[in-house]
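Trainee: any chance you can model this:
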Amino acid sequence: MKLHINSISKSYGANRALSDFTADFEPGIYALLGPNGSGKTTLMNIITDNLKADSGTITFEDADVPVEDVLKMRERFRKKLGYMPQYPGMYASFTVNRFMWYIATLKNIASDLPGKKRRAYIAEQVESLLEAVELDDVYDRRIGALSGGMKQRLALAQALLGDPSVLILDEPTAGLDPKQRIAIRNYISKIAFDKIVIIATHVVSDIEFIARDIIMLKKGVIIDNAPPHELLKKIEGKVWSLPTPESEVADIQSGYRVTNIARDETRPGVAMLRVLSDTAPRPEAVPVTPTLEDYYLYLFEE
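Mentor: Numbers count the residues shown, from 1 in each chain. Alright, predicted model coming up:
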C-alpha cells in the first residue's frame, strides 16, 4: 500500500500555502510539524479532497487498486479514508451513539452486506471504537453536553469507522489531559501497522516515539524529512544544561535560545537553563541528550 504525493502546490492569492510538496507514504505513522501557516492543514484538506490543489497529483496503490489518481477513484478512495479535522463539526443535539451511526451512514459502511448483517457490523464497530476512546459510558449523552476532550475523542472514533486504510488526523490530542493523550497515542500506534497514518500536531512529544518519519514544513516547503532518530543526530552536542545565577538569566536569554528555565532547588539563587547553541554558551555548560522538541525549536528559530 502506498500513497504518493507529487509536486502538490496551493496558493491563496499571493500567499503560497504549499510549494511542490512531494512525499511517499506507506503503512506507519507520519508526522507533519511546523508553525502555524506552514501548510499542514492545507495538505490534509487536499488529500481528503476538501480542497483542490493548483497543481500536482496524488496517487494511491493497494492490493486491490493499481496505481491510480485519487481524484479519479473518488468514492473508492473515500471508502479507504478516515479524516479527523482540527475543528470537527458536530450536531449538538445528537447523542454520541446517534452521531456514530449517522457518520457510518454517510460513509456507506458495509453497503455490500444485507440489512441485518450490515446493522450488526456497524453496531459492533461503534461499540468497539467508543470503548477504545473511552466513551462507551456516554452512549446516550448529547454531544452538546460533552467536554472538549470528549468531543475530540469522538472525532477520532468517527474517523476510524469503516476500518480505513489511510487515516488523516489534524491535532488529534488537542484538549486532552495527559492520561487521555497517552491512551490515544498508544491506540493510534497500535492500529498503524496496516494503515497509513498522517498526523499534524503541535504536541511534539505525541509523535516523537511513534512516528516512522517526521516532515518539517515551513511556509509550505519541506525543510526536513527523516525518522526521529536521524533528526536528533543533527543537534547532538548543540543542547546544553547551564547553571546560571538568577540575576544573569536575562543576559543568557539575550544571546542564546533558552528553551527551559528551572530553579535549582539544591542551590539558592541558581537557575538551570536548557540552551540551544552550536558551541558551549559558557565553560560550565554540560551537553545533554536532545529531544525532538529541541530540534523543532532549533530548526524554527523564530
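
Trainee: contacts, neighbours, all on C-alpha from now
Mentor: OK.

Trainee: so what touches stretch 23-40?
Mentor: The contact list for stretch 23-40 (Cα atoms under 8 Å, 6 or more residues apart in numbering) reads 1-6, 17-18, 189, 192-202, 204, 207, 210-221, 300.

Trainee: now, these that are in strands?
Mentor: 2-6, 17-18, 196-200, 213-218, 221 (DSSP state E).

Trainee: now, of those, which are buried?
Mentor: Neighbour-count burial (16 or more other Cα atoms under 10 Å) is assigned, among the ones in strands among the contacts of stretch 23-40, to 2-6, 17-18, 196-200, 213-218, 221.

Trainee: would you map the helices across the stretch 101-250 of the chain?
Mentor: 115-132, 148-159, 178-191, 228-233, 249-255 (DSSP state H, counting those that start in this stretch).

Trainee: which residues are contacting stretch 152-163?
Mentor: 79-80, 82-85, 88, 96, 100, 103-104, 107, 109-110, 125-126, 129-130, 133-135, 167, 169, 172-176.

Trainee: of the residues you listed, grab the buried ones for PyMOL.
Mentor: Filtering the contacts of stretch 152-163 down to the buried ones (16+ other Cα under 10 Å) takes a single PyMOL command:
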select buried, resi 79+82+83+84+85+96+100+104+107+109+110+125+126+129+130+133+134+135+167+169+172+173+174+175+176
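
Trainee: of the contacts of stretch 152-163, which belong to strands?
Mentor: Among the contacts of stretch 152-163, the ones falling in strands (DSSP E) are 82-84, 167, 169.

Trainee: show me which of the residues you listed is closest to residue 266.
Mentor: residue 169 (43.4 Å; Cα to Cα).

Trainee: enumerate the beta-bridge partners assigned to that closest one.
Mentor: Applying DSSP bridges to residue 169 gives these bridge partners: residue 84, residue 199.

Trainee: wait, a helix at residue 32?
Mentor: No. Assigned with DSSP: H, G, I helix; E, B strand; the rest coil, residue 32 falls outside any helix and is strand.

Trainee: if I look at it, how far off is residue 223?
Mentor: 11 Å (Cα to Cα, to the nearest Å).

Trainee: check residue 229 too.
Mentor: Taking Cα to Cα as the measure, residue 229 falls 17 Å from residue 223.

Trainee: please name the nearest non-neighbouring residue to residue 239.
Mentor: With Cα to Cα, 6 or more residues apart in numbering as the criterion, residue 239 has its nearest non-adjacent residue at 4.8 Å, and that residue is residue 276.

Trainee: need the residue closest to the centroid of the chain.
Mentor: Residue closest to the average C-alpha location in the chain (Cα atoms, centre = their mean): residue 199, at 2.4 Å.

Trainee: surely it and residue 171 touch.
Mentor: Yes. Here residue 199 reaches residue 171: they are 7.1 Å apart, a contact under Cα atoms under 8 Å.

Trainee: rewinding a little: residue contacts, the residue nearest to residue 239?
Mentor: 238-240, 256-259, 294, 298.

Trainee: mind redoing it with 6 Å?
Mentor: Residue 276 makes contacts with 238-239, 257, as judged by Cα atoms under 6 Å, 6 or more residues apart in numbering.

Trainee: where does this protein dip in pLDDT?
Mentor: By pLDDT under 70, the low-scoring segments of the chain are 302.

Trainee: repeat that with 80
Mentor: 175, 202, 301-302 (pLDDT under 80).

Trainee: touching, residue 94 and residue 141? I think so.
Mentor: No. Using Cα atoms under 6 Å, residue 94 is not in contact with residue 141; the gap is 8.2 Å.

Trainee: how much space between the nearest residue to residue 95 once chain neighbours are set aside and residue 90?
Mentor: Nearest residue to residue 95, sequence neighbours excluded (Cα to Cα, 6+ apart): residue 142, at 4.0 Å. Taking Cα to Cα as the criterion, residue 142 is separated from residue 90 by 10 Å.

Trainee: same check on residue 6?
Mentor: From residue 6 to residue 90 the distance is 33 Å (Cα to Cα).
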